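S.K.: Got a sequence here, can you build the structure:
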Amino acid sequence: MPDLDALVTTHLDLARADAHGRSAELVVHDGELRQTVIALTAGSELGEHASPPAASLQTLRGRVRVHVGDEVQQEVGAGELWALTHERHSVLALEDSVVLLTTVTSVARHPHG
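M.R.: Below is the predicted model of the structure:
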């Protein structure tokens, strides 16, 4: 079981030492489910990218802003959870931040009955 507090500290330290101000680690991989700890220093950004079929962002420390194009979709602070858009989006760290990104990479279709 991952220790999120320890991962927050470790990855913030790594992000602060990284030229791009980022650090990440996949901590859960179970079939289509993935959970990744991502640390970003203030002003660092995850550039615009496509969204998987389902995703959420939980801020463990700091504050981030989710953009869709030039529009702010949401600011997500420590302890808050946000269901990500299905549109292309980017994430900007407003302060040194660590988020837990939960994604479902595909949706299996099973017949009922």
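S.K.: C-alpha from now on. contacts and neighbour counts both.
M.R.: Fine.
S.K.: So which residues of this structure form helices?
M.R.: Assigned by DSSP state H, the chain shows helices spanning 4-17.
S.K.: Can you read off the pLDDT for the residue nearest the centre of the chain?
M.R.: Closest to where the C-alpha atoms of the chain average out (Cα atoms, centre = their mean) is residue 101, at 3.5 Å. Predicted confidence (pLDDT) for residue 101: 95.
S.K.: who's in contact with it?
M.R.: Listed by Cα atoms under 8 Å, 6 or more residues apart in numbering, the contact partners of residue 101 are 34-38, 55-58.
S.K.: Same list (those residues) but as TSV, adding neighbour count, pLDDT and distance to residue 84.
M.R.: As requested, the contacts of residue 101 are exported to TSV (neighbours: other Cα atoms under 10 Å; pLDDT from 0 to 100; distance: Cα to Cα, whole Å):
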residue	neighbour count	pLDDT	distance to residue 84
34	16	95	14
35	19	96	14
36	17	96	14
37	23	98	16
38	23	97	15
55	19	92	5
56	17	94	5
57	21	95	7
58	20	97	10
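S.K.: just checking, which of the residues you listed belong to strands?
M.R.: 34-38, 55-58 (DSSP state E).
S.K.: and which of those is nearest residue 23?
M.R.: Within the ones in strands among the contacts of residue 101, the smallest distance to residue 23 is 5.8 Å, found for residue 38 (Cα to Cα).
S.K.: What separation is there between the closest residue to the closest one other than its chain neighbours and residue 1?
M.R.: With Cα to Cα, 6 or more residues apart in numbering as the measure, residue 24 is the residue that lies nearest to residue 38, at 4.3 Å, once sequence neighbours are left out. Residue 24 sits at a distance of 17 Å from residue 1 (criterion: Cα to Cα, to the nearest Å).
S.K.: for residue 101, same thing?
M.R.: Using Cα to Cα, one gets 16 Å for the distance from residue 101 to residue 1.
S.K.: go on, residue 50?
M.R.: Taking Cα to Cα as the measure, residue 50 and residue 1 are separated by 29 Å.
S.K.: Have a look at the two and say which one is more surrounded.
M.R.: More neighbours sit around residue 50 than around the other of residue 50 and residue 1, counting by other Cα atoms under 10 Å; the figures are 12 against 5.
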